[in-house]
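K.L.:
using only what follows, build the 3D model:
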Amino acid sequence: MTFAWPIYLVLTFMLIAVFAFTVRGLIGVRFSLARLVIAGVVVFAVGGMVDQAIRKGALVEETSAFPTLWFVFLGIAIALLIGMVFLVIAEALVPSNTLPGPVYMVRAFRRWRARSARYWQIGRIIFRHGLSAYLGGGRRAELRSPDGRAELARKLRLALSDGGVTFVKLGQILSTRRDLLPKEFVDELSQLQSRAREVPWSNIERSVDESLHGTVDELFASFERQPLAAASIAQVHGARLKSGEEVVVKIRRPGIIVEVERDLDIVNRLAVTLQRGTAWGRAIGVVELSHGFATALREELDLRVEARNLAVVAAATKQRTDESGLHIPELYPALCTDRVLVMERIVGIPIGDAGSAIADRGLDAQLLGQTLLNSLLRQIVIDGTFHADPHPGNVMLLDNDKLTLLDFGSVGRIDGVLRGALVRLILAFDQGDPIAASDALLDLVRRPDDLDEYRLERALGQFMARHLSPGVAPDIRTFTDLFRIIAEHDLAVPPEVAAVFRAIATLEGTLTQIEPGFNVMSEARLFASAYLSEQLRPRALQKTLTDELTSLLPLLRRLPRRVDRIASALEEGRLTVNVRPLANERDRETIGAWLHEALLTILASTAGVMSVILLGQEGGPVVTETVSMYQLMGYGLMVVSFILAMRVLVLIYRPSQT
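P.N.:
Residues are numbered from 1 along each chain as shown. Here you go, the predicted structure:
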């Protein structure tokens, strides 16, 4: 008796394992180990109850081993069917791979706890600034007036400012989306500035030492302990290299990644909720916007990305011989990591404070503005990589009267197709052609299926008559009205195109700091015309023609032989066309899955009908006193029908499994 229980337990576990994997084999779909173990326990328990019921019922008086064995098999089959039913019901209620593992659950609980504390902080900020009344849809009447929208925008700006770096950056991004937000919100959110308290020197020194694998005294001849600037993401210090160059060292704030990732998780959850629960959220694609925002912010946290952006823009600028007066800071790649960026120290005046200096030095403000605008347009149209945030604080006037760009953490990238569409759009505006402008605009955005192109052309024509007529000076309303047209026609602006519009709109404000009344649209049209003229020069045309012919040469070499084959086949009556409607593997897999499910359904139905017919038959060979051979076969076919039906059901709930 001492060894009976261990042996019984081992046999029980073995039977449960056999039952579990038998059920899995019958149903033909993979399940998690936990779910299979539960199914095995269900089969074991049900099998015991069925066996007891059979023994107390039909087989009490039986002495033959043959019918007893058949009924044992029948009891096991019934238990297996119950196990299959359990798996199908479990799959319908809680599909596989929807429950996390234990390790993930522990981590998720920690994130939830940290997120809950952050939710509490955000909730207090919302209540403190009086935004709670708007969350439930209240005060809608106030939002119909400009004053009401301006008041809400002011409260939103103050709340985002108190929310920290992620929400400040989110507000800054939203302030550039004139296609999504009313003017009052754009104007108010444009005032957001990301300021932060200084990080103690001990933390900065430790971060530099760990990142550069050396002490500050070993790597630099001198290092200023007092920061030049303290922003929400990084802190900037002045330093001098051993070789004597004056540099600035940008150090990412310690612990900022944990804070940003927590807030990005909250922003993403909010975006998912808005997209599921609101029509406007689905229309503008708030989840896609949140993903783009998260990607941009994560890139800004990695200073290696900023170093790479700076190197790309600097290399493209140096290759141009016609660049007049724009300076890109020199980078020191050997001292750049994900947490530290070392670059040339720029001595100058922020362009927002340089008005008196420009006048005192006798500089041509119009020429400075043209230099800055042409440089950004060349970055957009020619290079494809451009400074996406040229606000007045990121543009400086140097002592040698040149302009320079700072902070390449926010950089946009645009491919050749979109660059060509942008040039065509500017030229269409210059020529006053609404049809060409509509075609170029539709190449830049994602068009809806029900777009009224005639109405769009008329809207663009009115826009050009209002803002681009001779004698009319374009202002910030030009971009606002253009974005309004885009929004009214449900045109989805891709993130890279939105970055272009944002950069140009930001630059427009910077240029007015240099030269009040600077005509951005007029200068942009001059640039587009000059760029088109460059492309029509003999050397440029020769290069374009050479590139096209080089790509067409292999096709031209094969073309005569192919034409000859087609002509011969046509002359001899052998011309045929081969069509492969199922050439795509995914199409074949889909149709195969449909046929599989249809065949299983037919077989299950056929077996079920035959089982009912056999169970209704009287007479025939007798297996027991109460069961005939026809009925026993009917029970068997019913089991087969049930198994096939379960396989179909589980495939319905798991369509990706075949």
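
K.L.:
doesn't Val46 make contact with Ile78?
P.N.:
Yes - the criterion here is Cβ atoms under 8 Å, and Ile78 meets it with Val46 at 7.2 Å. Every C-beta, even on glycine, is put in place using the N, C-alpha and C of the backbone.

K.L.:
helices or strands up against the one helix or strand Ile125 maps to?
P.N.:
Using DSSP states H and E, the element containing Ile125 is helix 102-128. Counting contacts by 3 or more Cβ pairs under 8 Å, 6 or more residues apart in numbering; DSSP states H and E, helix 102-128 packs against helix 146-163, helix 256-277.

K.L.:
can I get those in CSV including mean neighbour count and mean pLDDT?
P.N.:
Listed next are the helices and strands packed on helix 102-128 as CSV, based on neighbours: other Cβ atoms under 10 Å; pLDDT from 0 to 100:
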stretch, mean neighbour count, mean pLDDT
helix 146-163, 18, 81
helix 256-277, 16, 82
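
K.L.:
out of those helices, which is closest to Val41?
P.N.:
helix 256-277 (37.0 Å; Cβ to Cβ).

K.L.:
what residues does that closest one touch?
P.N.:
111, 114-115, 118-119, 122, 163-167, 170, 232-233, 281-282, 285-287, 289-291, 293-294, 297-298, 301 (Cβ atoms under 8 Å, 6 or more residues apart in numbering).

K.L.:
identify those among those that sit within strands.
P.N.:
Within these, no residue falls in strands by DSSP state E.

K.L.:
among the residues you listed, which ones are buried?
P.N.:
Using 16 or more other Cβ atoms under 10 Å as the burial test, the contacts of helix 256-277 include 115, 118, 122, 163-167, 170, 232-233, 281, 286-287, 289-291, 293-294, 297, 301 as buried.

K.L.:
so which of those residues are in helices?
P.N.:
Using DSSP state H, the subset of the buried ones among the contacts of helix 256-277 located in helices is 115, 118, 122, 163, 165-167, 170, 281, 286-287, 289-291, 293-294, 297, 301.

K.L.:
pLDDT weak spots in the stretch 501-650 of the chain?
P.N.:
For the stretch 501-650 of the chain, the stretches with pLDDT under 70 are 532-544, 547-548, 551, 579-584, 619-627.

K.L.:
picking up where we left off before, list the buried residues of the helix holding Ile125.
P.N.:
Neighbour-count burial for helix 102-128 flags Arg115, Arg118, Ile122, Ile125, Ile126 (criterion: 16+ other Cβ under 10 Å).

K.L.:
how close does the fourth one get to Ile380?
P.N.:
The spacing between Ile125 and Ile380, counted by Cβ to Cβ, to the nearest Å, is 37 Å.

K.L.:
please name the nearest non-neighbouring residue to Pro146.
P.N.:
Once flanking residues are discounted, Pro146 sits nearest to Glu184: 6.1 Å by Cβ to Cβ, 6 or more residues apart in numbering.

K.L.:
ok so that neighbour is a strand residue?
P.N.:
No - according to DSSP: H, G, I helix; E, B strand; the rest coil, Glu184 belongs to no strand; its state is helix.

K.L.:
which ones are touching it?
P.N.:
Pro146, Arg149, Ala150, Leu152, Ala153.

K.L.:
now the element after the top helix by length along the chain, going C-ward?
P.N.:
Looking across the chain with DSSP H, the single longest helix is helix 538-572. Per DSSP H and E, the first helix or strand lying C-terminal to helix 538-572 is helix 585-615.

K.L.:
so which elements touch the following helix or strand past that following helix?
P.N.:
Where DSSP H and E defines the elements, the next helix or strand beyond helix 585-615 is helix 629-653. Under the contact criterion of 3+ Cβ pairs under 8 Å, 6+ apart, helix 629-653 touches helix 4-27, helix 65-93, helix 585-615.

K.L.:
no further queries at this time; thank you.
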